[in-house]
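Q: Following is a predicted model, sequence given first.
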Amino acid sequence: MTRQSKEDYLSMMRARYVRAGRAGRSKLLDECEKVCGYDRKYLIRLLGHPPRPVKGRPGPKSKYALPGILKALEDLWLFMNRPCSKLFQGNMPVWLPFYERDHRMSAETKEKLLQISPATIDRLMKPVRRKHGSHGLGGTKPNLALKFQIPIRTHHGDIDRPGYLQADTVAHGGNSVEGDFVWTLTMTDVETQWTENRGVWNKGYHGVAEAIKSIEDDPWRCELRQ
């Protein structure tokens, strides 16, 4: 028997043990010894005295348990388009003054929001993220073969002129990526941060190739390359 099974069994036998007479209790103890394998004196203590609930010591009250903090975090997180906690914390000083214009906030609440750490945001925002969802829909299937064949650049310190691009596609299918709909091909020049967007139907190879050629043939880019 597992420990939980023994506890459930003894909980059931405890009511019988309390109502039974001396002879009945002796028989119950014999049965419990065989079933659980416990010492007889230990069984007498378990059956004669219900276990006391274990109460943990109350921890210190969170300094973020202030009225309005969780509501402000939820509103700001949605206004910022659901960023990760590090970006959320980094942008807090920029967005908070605009939030204060339409929402009453104590000086203490504002101070706590400016001091909050990404780890604390993760802890406090768990119910909010379950409520709203924190991740968008992915329209690209992972390909481990390409992941190992194409080197990943983590910095661009050696790029000192225009012409090196980063590209991605954005889905416009609403709450689903099934069926036919428009995608946006976005290409950004690493050096200048100039961005070009082209609409693509269904993200097919030919459509994406035509969009890339359109960006390459753009008069501004041609002049820039010269």
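A: Looks like it came in fine.

Q: ok, the nearest residue to Asp180 once chain neighbours are set aside to Thr184 distance?
A: Ranked by CB to CB, 6 or more residues apart in numbering and with sequence neighbours excluded, the top spatial neighbour of Asp180 is Asn202, at 5.5 Å. For the C-beta atoms, the positions are set from N, CA and C on the backbone; glycine is no exception. With the distance defined as CB to CB, to the nearest Å, Asn202 ends up 12 Å from Thr184.

Q: quick one: low-confidence ranges for the protein?
A: Judged against pLDDT under 70, the low-scoring parts of the chain cover residues 1, 50-61, 133-148, 151-154, 219-226.

Q: Roughly how far does the residue nearest to Pro118 when sequence neighbours are not counted sit from Pro127?
A: For Pro118, ignoring the flanking residues on the chain, the nearest one in space by CB to CB, 6+ apart is Ser85 at 3.9 Å. Distance check for Ser85 against Pro127: by CB to CB, it reads 15 Å.

Q: So for these two, which residue has more residues nearby?
A: For Ser85 and Pro127, the more surrounded residue by other CB atoms under 10 Å is Ser85, and the numbers stand at 20 against 10.

Q: Might you report the residue contacts of that one?
A: Applying CB atoms under 8 Å, 6 or more residues apart in numbering, we find Ser85 in contact with 118-119, 121-122, 125.

Q: Among those residues, the buried ones, what's the PyMOL command?
A: Here the buried members of the contacts of Ser85 are turned into a PyMOL selection, burial being counted by 16 or more other CB atoms under 10 Å:
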select buried, resi 121+125
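
Q: Now Asp189, what are its backbone angles?
A: Dihedral angles phi and psi of Asp189 (degrees, to the nearest 10) take the values phi -80, psi 130.

Q: Please give the three-state secondary structure assignment for Gly199.
A: Under the three-state scheme (DSSP: H, G, I helix; E, B strand; the rest coil), Gly199 adopts strand.

Q: Contacts only, for it.
A: By CB under 8 Å, 6+ apart, the residues touching Gly199 are 182-185, 211.

Q: Out of those residues, flag the one nearest to Gly48.
A: For the contacts of Gly199, the residue nearest Gly48 by CB to CB is Trp183; the value is 72.4 Å.

Q: Distance check, the closest one against Trp201.
A: Between Trp183 and Trp201 the computed distance is 8 Å (CB to CB).

Q: Please consider this matter closed, and thank you.
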